[in-house]
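>>> What follows is a predicted protein model with its sequence.
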Amino acid sequence: MIVIMNASCSDSDIENVFAFLHKHHLEGHLSRGIERTVIGVLGSPVPAGYAGIAGSIDSTIEDTLIGLAGVEDVFRVSKPYKLASREFHPENTVIEISAACVDSGTVKIGGEDVVMMAGPCTVETEAQLMTAAQAVREAGAVILRGGAFKPSTSPYGFRGMGEEGLKLLTKARDEFGMAIVTEVLTPADVALVSEYADILQIGTRNMQNYMLLDEVGRGSKPIMLKRGMSATLEEWLLAAEYILAQGNPHVMLCERGIRTFEKATRNTMDISAIPLVKKLSHLPIIADPSQGTGRRDIVGAMSLAAIASGVDGLLIEVHPNPEEALKDGAQSLRIEQFQDLMPQAVMVAQACNRQFIRPARYSSTAV
């Protein structure tokens, strides 16, 4: 249920609404926008005549709420995901990430600007990571991607360097000033990965790992939630709801392609999901055309299409020598390919009245 406060409501009016909700064992979430103030109410709807059940919303409660001072209107949310819906939170969520490589010291995801995140799929060696990090930063990336823990379809595949990989990512952050996004696989690893990472990634295989979603929701680190390989938009947003319901509002979504009958690409990159999610939810959305296609020869084209569709950021795999990569070399751009892509991405963003967040000028002979 949504409680819309009128423009002249006072803090006391808002407090009275929360007191009323608390009395009826309901939970309220305040959202102050530029144009209006909204209180989202969480509870289980029940048929008329069942008033008085703790944690439920009935017509009597609605009627009373609309009569409280400062309340302009009350209506029910039609979506099964409440906190993730635009009805609950009309204005876009903007997530702020500390990054020394930008002049302001902060990268904002979900605002007017587009964010480039790039780096190797997996941390393999210090030389590989540092070479890639320097190259993508100099080309225009402000967030470094790299997997320390990697799920693998085969039990014999490379599964990452673990904490040693996290330490190398930290070294790269110290050297180049970029924030770090890396994957967390289990609830037991959340505390460890949170010590090192700026953004915790939930991969496609874990989108519906509800214990993991609950655990990252109890923390405060920004979360990048990748779409499950066979997930509908509603299932994806309900997964985000798990994190939001635990109290962590810093959630961004990542479209990384879905499994279809098509075999020409690793996945089918669902560009239509980007504007649809923008209509349904206030959460930022990132596109991963590397995982989305599995083919480096079309990663660039899909990146440009994602920008045109309104994405808030790109997550691209870049490797100094993709032919020797331990994971996903076929979808990783060579450094020169990424360098060629960035000016094109900037021009498409400008054509859509947006711009990329750019790192400050950098010069180093460390690598």
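In hand now; what should we look at? Residues are numbered from 1 along each chain as shown.
>>> Quote the end-to-end distance of stretch 181-200.
6 Å (Cα to Cα, to the nearest Å).
>>> Tell me which helix or strand the closest residue to Leu304 other than its chain neighbours sits in.
Leaving aside its sequence neighbours, Leu304 sits nearest to Val348 (Cβ to Cβ, 6 or more residues apart in numbering; 4.9 Å). In this view, the C-beta of every residue, glycine as well, is placed from N, C-alpha and C. Per DSSP states H and E, Val348 falls inside helix 335-351.
>>> ok, residues contacting that helix?
114, 116, 118, 131-132, 135-136, 139-140, 296, 299-300, 303-304, 307-308, 314, 316, 318, 320, 333, 355-356 (Cβ atoms under 8 Å, 6 or more residues apart in numbering).
>>> Now with 7 Å, please.
Identification of contacts with helix 335-351 by Cβ atoms under 7 Å, 6 or more residues apart in numbering yields 114, 118, 135-136, 139-140, 296, 300, 303-304, 307-308, 316, 318, 320, 355-356.
>>> for that helix, what is the average pLDDT?
Per-residue pLDDT values across helix 335-351 average out to 97.
>>> which parts of that helix are buried?
By neighbour count on 16 or more other Cβ atoms under 10 Å, the buried set for helix 335-351 is 335, 337-339, 341-342, 345-346, 348-349.
>>> which residues in the protein form helices?
11-23, 59-66, 126-139, 163-176, 190-196, 210-217, 233-245, 273-280, 289-293, 296-309, 335-351 (DSSP state H).
>>> now Cys352: how far from Leu225?
24 Å (Cβ to Cβ, to the nearest Å).
>>> Those two: which has the busier surroundings?
Leu225 (27 against 13; other Cβ atoms under 10 Å).
>>> pretty sure the more buried one contacts Leu253?
Yes. Using Cβ atoms under 7 Å, Leu225 is in contact with Leu253, at 5.6 Å.
>>> what sits in contact with each of these two?
What both Leu225 and Leu253 touch, as defined by Cβ under 7 Å, 6+ apart, is the set Ala240.
>>> ok, how many other residues are close to Asp73?
Every residue meeting other Cβ under 10 Å relative to Asp73 is counted, giving 12.
>>> which residues touch it?
Counted by Cβ under 7 Å, 6+ apart, Asp73 has contacts 4, 66.
>>> pLDDT at it, what is it?
pLDDT at Asp73 comes out at 90.
>>> likewise Tyr50?
Predicted confidence (pLDDT) for Tyr50: 44.
>>> angle of the helix holding Val348 against helix 126-139?
30 degrees (axes from the mean of the first three to the mean of the last three Cα atoms, to 10 degrees).
>>> tell me the angle of helix 335-351 relative to helix 296-309?
20 degrees.
>>> Just the CA coordinates for helix 335-351, please, in CSV.
Provided in CSV are the C-alpha atoms of helix 335-351 (Å, rounded to 0.1, in the frame of the first residue of the first chain):
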residue,chain,number,x,y,z
ILE,A,335,42.7,-3.9,-24.9
GLU,A,336,42.7,-2.1,-28.3
GLN,A,337,39.1,-3.2,-28.9
PHE,A,338,38.1,-1.6,-25.6
GLN,A,339,40.0,1.5,-26.5
ASP,A,340,38.2,1.7,-29.8
LEU,A,341,34.8,1.2,-28.2
MET,A,342,35.0,4.0,-25.6
PRO,A,343,34.8,6.9,-28.0
GLN,A,344,31.8,5.3,-29.8
ALA,A,345,30.1,4.7,-26.4
VAL,A,346,30.7,8.4,-25.5
MET,A,347,29.1,9.6,-28.8
VAL,A,348,26.0,7.4,-28.4
ALA,A,349,25.6,8.6,-24.8
GLN,A,350,25.9,12.2,-26.0
ALA,A,351,23.2,11.6,-28.7
